[in-house]
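>>> fold the following, please.
(chains A and B)
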Amino acid sequence: MLLHNNYDNRYHAVRRRLGRALGNYLFVLPATLFLLACLLYPLILNVMISFQDLTAGTLLSGGPWVGFDNYRAVFDDPGFMPALMHSIVFTGFSVGFQVSIGLSLALFYNRQFPGNRAMRGLFLVAYAVPVVATGAVFRWLLDGQSGVINWALRSAGIIDTPHAWLSEPSTALPALIFVNIWLGIPFSLMVLLAGLQGIPRSLYEAARIDGAGPLAQFRYITLPQLRPALLAVVLLGTIFTFKVFDLVWITTQGGPANATQVLPTFAYKFVFQQLLIGKGAAVLNLMFVMLLAFSLVYLWAARREEANV
Amino acid sequence: MSAHAERRASRSRRRWLLTLGSVLLIAVFLFPIYWMMATAVKAPDQIVVYPPKLVPTHFDFSVWTDRIFKESIFVRYLLNSVIVGVGTAVLSVVLAAPAAYGLAHLRIRGKGALLLLNLSALMFPAIMIATPLFVIFNRLGLANSYLGLILANSTLAVPFSIVLLRPFFLSIPYELTEAARIDGCTRFGAFARIVVPLARPGLFTAGVFAFLLGWGDLVFALTLVQSDEMRPVTAGLWAFFGLNVTNWNGVMALSTLAMLPPLVVVLFAQRHIVAGLTAGGVKE
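Modelled structure (predicted):
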């Protein structure tokens, strides 16, 4: 044991208190610094770039300020409105089908049968495949000459002549939506299945005793109980689908004749192909505002849901 | 008695019918993956044919032996992806674990703002971060480097890991930390020695997701890398096939190569992935 004098004691007490307070912050400091430098700063820079005429020549030095010129140029661009419409159609149909197929599958896998657990795990395989590889294989499946999908549809008598699904303007967007639905099914399935499994069995037993049939049980127990999971799948699915770039880029690059041009590919072409970085940044910021609005809806709905429980 | 046995038999028959249904569903759903691998091992003259040969009758590995494992660039792509994927996983877990713990248990001002930043980071399109990073990395000389790619991928992986890990740490009672502190551990010692071992399943899940994110990324690989030998396998695959494909055999072989490592990870970590998907509610 060591004896301390008064001064030492006070010094240590202050140090300890300061250390305790600072110590808490040390836990979050590295991640916060990283996010400030690599996420927040880039986002702010993006806003600044959108007010500059930044091109290949001025990339390192910074471009001259041009006010809202980039935004005006985007709105005047004949490609902007179609890209926005494609984004909305792509997102709406993808999410609609992902959720309904995911819900049907979740209801199916919520029943007991041999091999259920092992087999439903296989849906996650879709998660392992890099999107580039998914895009490649679906281009091959949808190929106009020897694609399997043409063969299957012709064998079933649904179509007479083969279609080059991804390179005909009228079918390219639906074909792209088809591929994106495949990508999104595992997510909907897993989240909705977890939701279904969280519904207490006793609710169904009580309903059966009261004479409710399967349809009434679904309508009055399953759907209301599943609301939080459905909400998460629909809103998060919408946010994630709205920003999909890689799949579109790999399968169609926004073509043919801009039939699948969505906002992310529209922006990419400005920034990385035409090196009109300011104009591309303006498109991205417009997208950001739309996503932000949607995220706020999600956070608001999630909070309301929590308050209700 | 016999009626009872009959009912039980019919129920068991119905269950096996469900199993059969499930097999069919999975066969349809996973057909693209089967088709990718089947095309990768077919003889070239069996590929572009009508009607398609659903089951390869002649196996031919020439695209593997003559191109993929012969030209060193393909192995290099794979190596780059391993470095980027593992680097993203390690950096994300190292940064996110203490932060998530701090946000779960410690008194910190601005906690709400930090959490909101992490949540909203999941909504940002990668391409939106790629544009300014392209500018910044070119100015700093980080373009075309592993570090640049790892940092870029971590802008999504770190927030995701924090969002995923915070509930994990919340479920570990803070009393454990306090007990360790009374026994003479420092604050960080208690975290490292008591909390981290308990949170290992969560840390593993976060690491797996960060790895998959880093491995599957195309946006950063396409925008932040210029030279061929620095490309991860995703960008390499894209450079290899681009818009016009005639060599489906080669494209599918390279796709298979790009898919196998994450596939192995996913199959081994299935349980953890389901936990992560349902907790964080995040795809991609």
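
>>> ramachandran angles for A:Gln52?
A:Gln52 has phi and psi values of phi -120, psi 160 when expressed as degrees, to the nearest 10.

>>> so it touches A:Trp65, yeah?
Yes: counting by CB atoms under 8 Å, A:Gln52 touches A:Trp65, with 5.8 Å between them. Where C-beta positions appear, they are placed from N, C-alpha and C, glycine not excepted.

>>> tell me which of those two has more neighbours.
Each of A:Gln52 and A:Trp65 has its neighbours counted (other CB atoms under 10 Å in any protein chain shown); A:Gln52 has more, 19 against 11.

>>> mind pulling up the pLDDT for A:His4?
Looking at A:His4, its pLDDT reads 52.

>>> which residues touch residue 57?
If you meant another chain, say so; for now it's chain A. A:Gly57 makes contact with no residue, according to CB atoms under 8 Å, 6 or more residues apart in numbering or on different chains.

>>> actually chain B
The neighbours of B:Thr57, taking CB under 8 Å, 6+ apart as the test, are B:Gln46.

>>> could you list the low-confidence segments of the chain?
No chain was given, so I picked chain A. Along chain A, segments meeting pLDDT under 70 span A:1-10, A:15-21, A:306, A:308-309.

>>> that answer is for a different chain, and I need it for chain B
Regions of chain B meeting the criterion pLDDT under 70 cover residues B:1-2, B:243-244, B:278-284.

>>> give me the most central residue, it.
B:Leu212 (1.4 Å; CA atoms, centre = their mean).

>>> how about that residue: what's its closest non-neighbour residue?
Sequence neighbours aside, B:Pro262 is the residue nearest to B:Leu212 in space, at 5.6 Å (criterion: CB to CB, 6 or more residues apart in numbering or on different chains).

>>> what strand or helix carries that neighbour?
In the assignment (DSSP states H and E), B:Pro262 maps to helix B:248-268.

>>> measure how far that helix is from the centre of its chain, please.
Relative to its chain's centre, helix B:248-268 lies at 13 Å (CA atoms, centre = their mean, to the nearest Å).

>>> what does stretch B:59-74 give?
Centroid separation for stretch B:59-74 versus its chain: 25 Å, with CA atoms, centre = their mean.

>>> say whether chain A is contacted by that stretch.
No: if you take CB under 8 Å from any CB of the partner chain as the test, stretch B:59-74 misses chain A, and the best it gets is 13.9 Å.

>>> which residues are contacting that stretch?
Defining contact as CB under 8 Å, 6+ apart, one finds that stretch B:59-74 is touched by B:40-44, B:46, B:75, B:228-229, B:236, B:249-250, B:253-254, B:257.

>>> kindly report the same for stretch B:115-124.
By CB under 8 Å, 6+ apart, the list of residues contacting stretch B:115-124 reads A:35, A:39-40, A:43, A:239, A:243, A:288, A:291-292, A:294-295, A:299, B:103, B:155-156, B:158-160, B:162-163, B:166, B:282.

>>> related to what we said a few turns ago, the residue nearest to B:Leu212 against B:Trp215, yeah?
Yes: between B:Pro262 and B:Trp215 there is a contact under CB under 8 Å: 5.2 Å.

>>> please, which helix or strand holds the residue nearest to the centre of chain B?
helix B:200-216.

>>> just the CA trace of whichever helix or strand comes after that helix, in CSV.
Downstream of helix B:200-216, the next assigned helix or strand under DSSP H and E is helix B:219-223. Output of helix B:219-223 as CSV, limited to C-alpha atoms (Å, rounded to 0.1, in the frame of the first residue of the first chain):
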residue,chain,number,x,y,z
VAL,B,219,-19.4,-0.2,-58.6
PHE,B,220,-16.1,0.6,-56.8
ALA,B,221,-14.2,-2.0,-58.7
LEU,B,222,-15.3,-0.4,-61.9
THR,B,223,-14.7,3.2,-60.9
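
>>> mind giving me the domain split of chain B?
Residue ranges for the domains of chain B, per automatic domain parsing: B:1-30, B:41-70, B:71-280.

>>> dihedrals phi and psi, B:Glu71?
Dihedral angles for B:Glu71 - degrees, to the nearest 10 - are phi -80, psi 120.

>>> find residues that contact each of B:Pro262 and B:Trp215.
A:Pro130, B:Gly85.

>>> does stretch B:79-99 reach chain A?
Yes: under the criterion of CB under 8 Å from any CB, chain A is reached by stretch B:79-99 at B:Val94, B:Leu95, B:Ala96, B:Pro98, B:Ala99.
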